[in-house]
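> Need coordinates for the below:
(one chain, ligands or ions: 2)
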Amino acid sequence: MKILVLGSGGREHAFSWKISQSKKCEALYVAPGNAGTTGIATNVNLNVNDFDGIKDFVLTKSIDLVVVGPEDPLVKGIVDYFAEHEGLKNVGLVGPTAAGAMLEGSKDFSKEFMQKHSIPTAMYKTFTKDSLEEGLNYVSSHPLPVVLKADGLAAGKGVIIAQSHEEARNTLTEMLVDAKFGEASSRVVVEQYLDGIELSVFVLTDGNSYKILPEAKDYKRIGENDEGLNTGGMGAVSPVPFANTDFINKVEERIVLPTVNGLKADGIDYKGFIFIGLMNMGGDPYVIEYNVRMGDPETQVVLPRIKSDLVDLLEATANGNLDEVSFDIDHQAATTVVMVSGGYPGSYPKGYEISGIENVNEATVFHAGTKFNDSESVVTSGGRVLAITGKGDTVENALENAYNGVAKISWQDEYHRRDIGQDILRLLDK
Ligand code: AMP
Ligand code: GLY
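Numbers count the residues shown, from 1 in each chain. Ligands and ions are numbered 1, 2, ... in the order given. So this is what the prediction gives:
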């Protein structure tokens with residue numbers, strides 16, 4: 001098969017790494033890719049939102065399967081675009097239609113979907129500029145803290161957890177009236193605060209049947225002990241100790257099944273990944289959010305734990321026969337540590353030469369923000385630069401391998417968290 005992966009991050013390098021191991025893969029392209037994907041695939045200089053350019057490329061190279069990494073092209077309707085164009089109809093796509101991508105593209109839509117299909121989540125109410133007064137009254141009598149969410153995509157920044165009623169009122173006004181997050185905050189979901197431990201469960205579905213992939217916990221804050229600003233993700237660990245069979249069974253019965261069946265009942269053709277952000281509250285799972293793609297850096301721990309041929313799974317997802325494919329999980333643990341540019345998630349310089357990658361043999365190096373400079377050296381070109389994944393019989397061994405890999409790599413002002421997985425080790429100790 002000829003396969004095209006859309007995206008340029010660590011997630012897409014991890015997809016390419018796993019896809020390239022398949023006997024079925026005869027040619028692999030990544031658009032636009034990064035310095036890491038050049039070793040295993042051909043990078044194509046195309047933007048993920050350039051649907052016409054992607055169409056021309058797919059037709060020229062006779063691509064059989066397209067795997068969409070990020071949410072943006074899904075929300076913008078790349079799957080619908082393929083369905084509308086002669087010659088593209090037979091190309092397999094892994095990713096939902098625009099209607100399905102609303103699960104991530106609109107928080108109000110996803111809350112309504114959960115309510116309609118009795119999927120456990122925080123209680124909520126949605127407000128617009130027209131209902132500002134009602135909204136201000138509502139947040140003023142809401143138990144603290146109160147969670148305010150911009151309805152649309154806001155690059156992971158659209159959630160504010162207000163600790164006082166005054167902060168909640170000000171935030172609601174800023175979002176609705178001052179367009180704090182642009183068009184994304186023209187509607188605001190106000191919801192109950194869920195207190196518990198977070199984890200993410202990933203599902204691959206063809207719209208009828210599904211596979212539950214390994215779960216993961218990520219580390220969103222820039223600083224150790226979860227302090228400081230939110231980032232795209234500073235590390236991840238899989239498995240998560242409290243996600244035992246009993247807990248995952250509850251997730252399947254109360255969340256995965258009603259989600260897949262709900263999409264079908266609502267006439268939404270969903271072929272792709274569902275990333276379910278969950279809160280474990282006293283052993284019961286509640287949905288915090290849906291994403292309509294894999295997570296980054298979660299993919300860098302989830303895919304290394306899948307033993308089955310990923311191309312078999314992706315092809316069956318696109319073709320609608322996922323129930324016929326076997327699926328095996330590796331019981332080893334995987335952890336990834338993200339190495340970032342000093343200054344991230346604020347501004348940071350680019351173009352620093354990276355050294356030591358070739359010395360890493362105990363871990364897998366996934367590239368995110370890297371490129372080649374004019375003298376063919378690998379240099380930094382983004383905030384999140386590399387994700388180093390270690391595996392092991394225990395989370396502790398996996399962490400040791402990942403951090404031994406990290407220690408061999410350097411560039412000017414490199415930063416990483418030294419405490420990835422420490423909370424999991426504490427949970428395991430109990
Ligand atoms: P989201 O963009 O919906 O993933 O929200 C970002 C982060 O805000 C989540 O990963 C949670 O840590 C936190 N969060 C969102 N909604 C809630 C909630 N209802 N209760 C507690 N924390 C929340
Ligand atoms: N790591 C969180 C995300 O991919 O959205």
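
> ok, the residue sitting nearest the centre point of the chain - contacts?
Most central in the chain under CA atoms, centre = their mean is residue 295, positioned 1.7 Å from the mean C-alpha point. The contact partners of residue 295, by CB atoms under 8 Å, 6 or more residues apart in numbering, come to 11, 200, 202, 216, 218, 233, 236, 275, 302. Just so you know, the C-beta spots here come from the backbone N, C-alpha and C atoms, and that holds for glycine as well.

> Can you say which two of those residues are spatially most distant?
202 and 233 (13.9 Å; CB to CB).

> Give the residues shared as contacts by the two.
295, 298.

> Report the separation between the residue nearest to residue 226 when sequence neighbours are not counted and residue 244.
Computed as CB to CB, 6 or more residues apart in numbering, the closest residue to residue 226 that is not its neighbour in sequence is residue 219, at 7.1 Å. Applying CB to CB, to the nearest Å, the value for residue 219 to residue 244 is 21 Å.

> For the residue nearest to residue 36 when sequence neighbours are not counted, give me its contacts.
Leaving aside its sequence neighbours, residue 36 sits nearest to residue 367 (CB to CB, 6+ apart; 2.7 Å). The contact partners of residue 367, taken as CB under 8 Å, 6+ apart, are 10, 13, 34-37, 378, 385-386.

> Then residue 96?
Here residue 96 is in contact with 74, 79, 103, 268-272, 292 (criterion: CB under 8 Å, 6+ apart).

> name the element it belongs to?
Using DSSP states H and E, residue 96 sits in no helix or strand.

> ditto for residue 54
Going by DSSP H and E, residue 54 is part of helix 51-60.

> about what we covered before: out of the contacts of residue 367, which sit inside strands?
378, 385-386 (DSSP state E).

> Considering those, which possesses the most neighbours?
residue 386 (32 neighbours; other CB atoms under 10 Å).

> Write out the residues of the stretch 101-250 of the chain neighbouring ligand 1.
Proximity of the stretch 101-250 of the chain to ligand 1 is confined to 122, 147, 159, 191, 193-194, 198 under the rule CB under 6 Å from any ligand atom.

> And the furthest pair within the residues you listed?
191 and 198 (15.1 Å).

> So between the two, which is more surrounded?
Of the pair residue 191 and residue 198, residue 191 is the one with more neighbours under other CB under 10 Å, namely 21 against 14.

> Would you write a ChimeraX line that selects the buried entries of the contacts of residue 295?
A single ChimeraX command is used to select the members of the contacts of residue 295 judged buried by 16 or more other CB atoms under 10 Å:
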select :11,200,202,216,218,233,236,275,302
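
> burial count for the single nearest residue of the stretch 201-350 of the chain relative to ligand 1?
For the stretch 201-350 of the chain and ligand 1, the shortest gap (CB to the nearest ligand atom) falls at residue 289, measuring 3.6 Å. Residues within reach of residue 289, counting by other CB under 10 Å, total 17.

> Quick check: it touching residue 277?
Yes - with contacts defined as CB atoms under 8 Å, residue 289 counts as touching residue 277 at a distance of 4.4 Å.

> part of a helix, is residue 175?
Yes - Residue 175 sits within a helix when classified using DSSP: H, G, I helix; E, B strand; the rest coil.

> How about it: what's its closest non-neighbour residue?
Per CB to CB, 6+ apart, closest to residue 175 is residue 185, 3.8 Å.

> about what we covered before: separation between the residue of the stretch 201-350 of the chain closest to ligand 1 and ligand 2?
Separation of residue 289 from ligand 2 (CB to the nearest ligand atom, to the nearest Å): 9 Å.

> need the contact list for residue 344.
222, 231, 383-384, 415.

> just residue 316 next, same as before
206, 322, 324-325.

> where's it, which helix or strand?
helix 310-319.

> need the helices for this protein, in chain order.
10-19, 51-60, 72-75, 78-84, 98-105, 107-116, 132-140, 165-176, 245-251, 257-265, 299-302, 310-319, 395-407, 422-429 (DSSP state H).

> Give me the neighbour count for residue 348.
18.

> next one: phi and psi at it?
phi -160, psi 150 (degrees, to the nearest 10).

> for the spatially closest residue to it that is not a sequence neighbour, what are its contacts?
Leaving aside its sequence neighbours, residue 348 sits nearest to residue 341 (CB to CB, 6+ apart; 3.9 Å). Counting by CB under 8 Å, 6+ apart, residue 341 makes contact with 348-350, 352, 369, 380, 382-383, 385, 413-415.

> of all those residues, which comes closest to ligand 1?
residue 383 (17.9 Å).

> That closest one contacts residue 339, doesn't it?
No - between residue 383 and residue 339 no contact is recorded; they are 10.6 Å apart, counting by CB under 8 Å.

> Between those two, tell me which one has more neighbours.
residue 339 (25 against 21).

> For beta bridges, what are the partners of that one?
residue 386 (DSSP bridges).

> got a list of what it touches?
Applying CB under 8 Å, 6+ apart, we find residue 339 in contact with 384-388, 406, 409, 414-416.

> Top of those residues by number of neighbours, please.
Ranking the contacts of residue 339 using other CB under 10 Å puts residue 387 first, with 34 neighbours.

> burial measure for the residue lying closest to residue 111 once chain neighbours are set aside, as a count.
In this structure, residue 111 finds its nearest non-sequential neighbour in residue 124, 5.0 Å apart by CB to CB, 6+ apart. Per other CB under 10 Å, the neighbour tally for residue 124 reads 17.
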